[in-house]
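[1] Got a predicted structure here, sequence first:
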Amino acid sequence: MANPSSSSAPAEASKPAVKDNKKKKDEKKEEDLSDEDLALKQQLELYVERVQDADPGVQKLALESMRQEIRTATSSMTSVPKPLKFLRPHYGTLKAYFETMAESDLKKYLADILSVLALTMSAEGERESLKYRLLGSEGDIGSWGHEYVRNLAGEIAQEFAKRQDSEMELGGSFDYAVFYDDTPLDALMELVQQIVAFHMKHNAEPEAVDLLMEVEDVDLLVEHVDATNYKRACLYLTSSSSYLPSPDDILALDIAYTIYIKFKDYASALRIALFLDNTQYVKQIYMSTTDLLLKKQFSYIISRHGLVLELDEDVAPDYDDREALQEIVNNVKLSEGYLALARDIEVMEPKSPEDIYKVHLIDGRASGSTSIDSARQNLAATFVNAFVNAGFGQDKLMTVPSESASGSSGTWLFKNKEHGKASAAASLGMILLWDVDSGLAQIDKYLHSTDNHVVAGALLGVGIVNCGIKNDCDPALALLIDYLNKEDTTILIGAILGLGIAYAGSQKDELRIRLSQILGDPKTSLEVLVFSAISLGLVYVGSCNEEIAQSIILALMERTDTELGEPLTRLLPVALALLYLGKQDNVEATAEVSKTFNEKIRKYADVTLLSLAYAGTGNVLKVQKLLGYCAQHLEKGENYQGPAVLGIALIAMTEELGLEMSIRSLEHLLQYGEQNIRRAVPLALGLLCISNPKVNVMDTLSRLSHDTDNDVSMAAIISLGLIGAGTNNARIAGMLRSLSSYYYKEAGHLFCVRIAQGLVHMGKGLLTLSPYHSDRFLLSPTALAGLVTVLYACLDLKSIILGKYHYMLYILVLAMQPRMLMTVDENLKPISVPVRVGQAVDVVGQAGRPKTITGFQTHSTPVLLAAGDRAELATEKYIPLSPVLEGFVILKENPEYRDDH
């Protein structure tokens with residue numbers, strides 16, 4: 001097409017719209033322009049004239065040319081494209097003319113151009129670009145460029161928000177006069193469809209998702225994703241869900257689940273089903289595939305999560321397959337895998353407490369003091385020994401092969417006093433952890449002892465061995481249930497706690513009936529009552545079971561004032577709150593009831609219920625509320641600030657940002673808080689960085705471990721153990737050694753130091769206490785329940801852990817998991833393949849295919865994964881069946897793999 005103004009560019013058209021006061025400036029500008037720019041400027045001004053011509057033909061030509069100019073103008077990232085710049089003065093003119101035009105295709109054409117001009121021209125909040133877009137032709141928006149589409153998306157979001165506000169004000173009726181041209185919502189949604197399609201085509205999934213969230217129609221996403229971009233869209237959805245208010249977060253995850261199912265990425269869908277705690281979804285995933293191997297991988301993921309699942313005919317029609325799958329879900333092979341890992345890393349050699357204390361590395365003064373309070377020392381050694389050799393099946397104190405018939409293992413047992421014997425006998429369960437058959441055989445001899453403490457310890461040991469392992473014949477239940485009729489409180493507590501640990505999360509009905517009887521019996525002593533409640537809380541964790549809640553509430557209400565003053569009673573609200581762990585709003589009815597409790601425990605229960613119900617949700621509003629509790633200055637005798645501090649940690653531990661922020665808030669609480677707040681801060685820090693020794697937290701705790709307040713320093717020492725749990729961290733080990741010589745005269749502190757040393761070397765460095773798994777995405781409720789119970793007990797270290805309830809430390813076993821990656825072949829036999837292990841990198845919303853790990857080393861499996869590590873296969877020979885390489889991963893041979901040689 002010939003350019004109409006190439007021959008004659010009339011000069012009179014060059015400055016139609018220039019005001020007098022701008023003349024000087026403009027002349028100055030004119031001189032700066034190069035020749036071609038000047039030509040372009042004059043040309044565009046001519047088009048502006050011609051558009052207002054009476055002859056439609058001339059108009060059409062002018063509009064066409066203008067459009068061409070704008071479209072072909074390339075611009076650098078920083079400057080406005082030339083045509084847009086030169087057309088700025090005429091924006092008003094064109095707008096005014098547009099209003100006078102009659103309806104026609106030409107008018108739509110002009111609207112398109114005005115819409116693009118509005119990109120740089122329109123006033124803030126006017127949304128003119130959108131207005132003209134809706135009046136314009138239905139053409140393809142992408143051709144105007146990316147920036148234009150993004151601007152439109154922004155304006156749609158604003159428009160939508162505005163509509164909602166006015167809807168609110170008008171009580172639901174639409175007042176269309178507010179909007180341009182009465183554009184109905186459908187027109188907006190049409191546009192949204194176009195923009196989403198454009199974004200999805202151009203690798204801008206996050207922008208598409210954002211727009212759909214703004215207009216509250218995320219369902220549209222399902223139609224627009226394809227096999228190339230669904231992973232990135234879902235990754236964005238799942239990671240943004242932790243920042244969305246309820247109920248949008250659940251909606252986002254639901255959509256991600258739908259998309260994963262649509263593209264048959266079932267293992268990823270399973271992670272979301274577990275996150276939503278939706279058993280329906282889990283069954284659906286099993287039923288949507290016939291691939292038995294894949295089902296086995298699902299079962300491994302479920303067993304790591306600790307979900308108790310009975311598989312039925314729908315899930316696997318064939319009986320043998322079903323048995324095989326159920327066995328994996330029941331975690332029966334955990335011990336085998338763990339020992340294979342230990343052999344591979346060559347740490348099978350049992351360690352004695354002395355190997356951990358490393359007394360020879362400490363300067364002189366403490367080494368002579370080992371004889372102080374030897375029962376307390378031996379008790380500490382019992383725990384250290386149990387934690388360090390956890391799951392290895394052999395140690396140097398309890399499982400030593402017998403010389404004489406009575407066996408020398410008895411000798412260690414009787415180096416402990418009374419309730420110390422209980423912990424010693426139970427430690428056998430910890431050493432034989434997950435190995436049910438040989439474990440029960442070895443513990444059996446203590447069940448026939450004449451000493452009640454030994455029997456109680458053995459019962460607890462039976463529970464510990466079965467922790468996390470389900471079995472069709474329920475050995476723990478069969479062994480322990482009979483002891484619930486015994487009169488002796490020690491034996492009762494052993495059996496009750498054993499059942500709680502063995503069946504945590506399983507919601508077993510027999511236990512509910514039996515333990516509720518004990519709760520409702522007026523003759524039950526306080527300690528038995530508390531432990532029954534805790535066991536019920538563990539077994540029914542996160543179940544929101546009304547009946548149990550009722551019975552615990554009644555038990556709480558019937559306590560006398562003196563009983564409510566007992567430190568142990570404060571675990572009753574914890575037991576109640578465990579029923580609602582992570583269940584958010586479902587706690588509200590119970591929280592209302594808790595306001596009627598005796599004022600001694602009312603606030604304590606309220607804060608505890610709030611903290612646990614929102615645990616792991618990252619809910620900012622609840623964190624603010626708890627911080628508000630911490631800011632109050634209290635009369636003596638109030639104790640609800642400790643739980644509030646722990647609550648902040650519980651809620652904020654979900655994602656990195658919240659975690660960093662809460663660490664900073666806790667620093668402030670340390671500086672300005674009352675004593676009872678400061679006592680809880682170390683424990684909160686321990687929970688935030690559990691098994692993940694961050695340097696700044698380590699330093700804070702190291703400082704607090706020399707605090708003048710005894711409770712603060714003891715809590716800090718225990719927390720040093722928690723943040724280093726199972727990491728063998730040399731720096732923490734060094735700190736603890738020097739603390740052991742610093743506190744060599746203080747029996748209580750020394751006990752704490754020993755426990756911490758045991759925790760740091762837990763499982764010889766093969767275990768973790770972190771309740772998170774699957775790339776920190778999933779939170780195992782049973783693991784968290786175990787941690788929470790122990791931390792609440794630690795809020796009053798002196799009377800509980802340092803008193804006669806030290807065996808509560810064994811509840812940590814619920815959170816103990818091997819931090820390994822074990823690759824198995826199609827027959828579930830371990831195979832060794834090279835994997836790269838490095839720091840995980842957050843790649844949400846990044847363009848292209850960024851690397852997901854950094855600073856990696858290549859090892860061959862099985863390998864250990866530290867906190868924040870991620871693994872990927874370093875070979876093309878196999879395809880992993882799980883999207884996240886953690887725990888047991890089944891590898892399938894890659895049919896397309898060709899050896900180079």
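    Received, thanks.
[2] can you map out the strands along the chain?
    Counting by DSSP state E, the chain has strands at residues 767-768, 772-773, 778-779, 817-818, 820-824, 834-840, 853-860, 863-864, 869-873, 878-880, 887-893.
[3] Let's have those in a markdown table, adding mean pLDDT, distance to residue 84 and mean neighbour count.
    Every residue, glycine included, has its C-beta placed from N, CA and C. Shown next, in a markdown table, are those (pLDDT from 0 to 100; distance: least, CB to CB, whole Å; neighbours: other CB atoms under 10 Å):
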| stretch | mean pLDDT | distance to residue 84 | mean neighbour count |
| --- | --- | --- | --- |
| strand 767-768 | 93 | 57 | 28 |
| strand 772-773 | 92 | 50 | 22 |
| strand 778-779 | 92 | 49 | 23 |
| strand 817-818 | 93 | 59 | 26 |
| strand 820-824 | 92 | 54 | 23 |
| strand 834-840 | 92 | 43 | 18 |
| strand 853-860 | 90 | 41 | 13 |
| strand 863-864 | 92 | 56 | 22 |
| strand 869-873 | 91 | 45 | 19 |
| strand 878-880 | 92 | 50 | 17 |
| strand 887-893 | 92 | 54 | 20 |
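[4] Of the ones you listed, which is nearest residue 246?
    Among the strands of the chain, the nearest to residue 246 by CB to CB is strand 778-779 (16.4 Å).
[5] partners of the closest one, with directions?
    Strand pairing for strand 778-779, determined by DSSP bridges: strand 772-773 (antiparallel).
[6] which residues are contacting the strand it pairs with?
    Contact partners of strand 772-773, identified using CB atoms under 8 Å, 6 or more residues apart in numbering, comprise 304, 305, 778, 779, 780, 817, 886, 887.
[7] switch to 6 Å and redo it
    Strand 772-773 has contacts (CB atoms under 6 Å, 6 or more residues apart in numbering) with 304, 779.
[8] distance of the most centrally placed residue in the chain from residue 242?
    Against the mean C-alpha coordinate of the chain, by CA atoms, centre = their mean, the closest residue is residue 654 at 3.9 Å. Using CB to CB, to the nearest Å, we find residue 654 at a distance of 6 Å from residue 242.
[9] Likewise for residue 250?
    In terms of CB to CB, residue 250 sits 12 Å off from residue 242.
[10] neighbour count winner among these two?
    Each of residue 250 and residue 242 has its neighbours counted (other CB atoms under 10 Å); residue 242 has more, 18 against 15.
[11] List the contacts of that one.
    By CB under 6 Å, 6+ apart, the neighbours of residue 242 are 618, 654, 655.
[12] burial measure for the residue lying closest to the residue nearest to the centre of the chain once chain neighbours are set aside, as a count.
    Leaving out its chain neighbours, the residue that sits closest to residue 654 by CB to CB, 6 or more residues apart in numbering is residue 618, at 4.0 Å. Residues near residue 618, counting by other CB under 10 Å, number 21.
[13] and if you look at residue 356?
    Per other CB under 10 Å, the neighbour tally for residue 356 reads 22.
[14] Quick check: the residue nearest to the centre of the chain touching residue 615?
    No. At 8.9 Å, residue 654 does not count as touching residue 615 under the criterion of CB atoms under 6 Å.
[15] related to what we said a few turns ago, now the strands of the chain as TSV including distance to residue 154?
    Shown next, in TSV, are the strands of the chain (distance: least, CB to CB, whole Å):
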stretch	distance to residue 154
strand 767-768	44
strand 772-773	35
strand 778-779	35
strand 817-818	45
strand 820-824	43
strand 834-840	32
strand 853-860	33
strand 863-864	46
strand 869-873	34
strand 878-880	40
strand 887-893	43
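[16] Residue 72: which of those strands is closest?
    Nearest to residue 72, of all the strands of the chain, is strand 853-860, at 41.6 Å by CB to CB.
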